[in-house]
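Asks: would you be able to build a 3D model of this:
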Amino acid sequence: MFFRGDTPSYAYGKRQRLREAGLWLIEEDAYYEGNFLTIHPSALLPARPEMVPLDVDGRTAIDMTFAEDKFRRTLLREMFGLAMV
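Replies: As a prediction, the model looks like this:
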């Protein structure tokens, strides 16, 4: 999988994987031209207490995980709708 996407016509698979991981930070301005919808990282998490107690019950932790998943799915659905408009 190391060379995935690397072909004679497109030899930038490794670079793209680094971009996706946020590890390729050097780009020409032309790379970012176009219409993009972005969201601030602070909006990616639902509001919840700063510190979760260490002795939290497993069921509570699972409920928190599902609530966060529901929040992100809703956010993505709304962002896809905005992007399509």
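
Asks: domain-wise, how is this structure divided?
Replies: Listed domain ranges for the chain are 1-34, 35-85 (source: automatic domain parsing).

Asks: give the rounded mean pLDDT of the last one.
Replies: In this model, domain 35-85 carries a mean pLDDT of 81.

Asks: what about it, start to end distance?
Replies: 11 Å (Cα to Cα, to the nearest Å).

Asks: just to revisit the earlier point, okay, the domains of the chain in CSV with mean neighbour count next?
Replies: Every residue, glycine included, has its C-beta placed from N, CA and C. As requested, the domains of the chain are arranged in CSV below (neighbours: other Cβ atoms under 10 Å):
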stretch, mean neighbour count
domain 1-34, 10
domain 35-85, 10
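
Asks: so what does the top helix by length along the chain touch, helix or strand wise?
Replies: The helix that spans the most residues within the chain, counting by DSSP state H, is helix 58-84. If you count contacts as 3 or more Cβ pairs under 8 Å, 6 or more residues apart in numbering; DSSP states H and E, helix 58-84 packs onto no helix or strand.

Asks: next one: that helix to chain centre, how far?
Replies: 12 Å (Cα atoms, centre = their mean, to the nearest Å).

Asks: kindly report the same for stretch 14-32.
Replies: The answer for stretch 14-32 is 15 Å, by Cα atoms, centre = their mean.

Asks: what's the average pLDDT for that stretch?
Replies: pLDDT averaged over stretch 14-32 gives 77.
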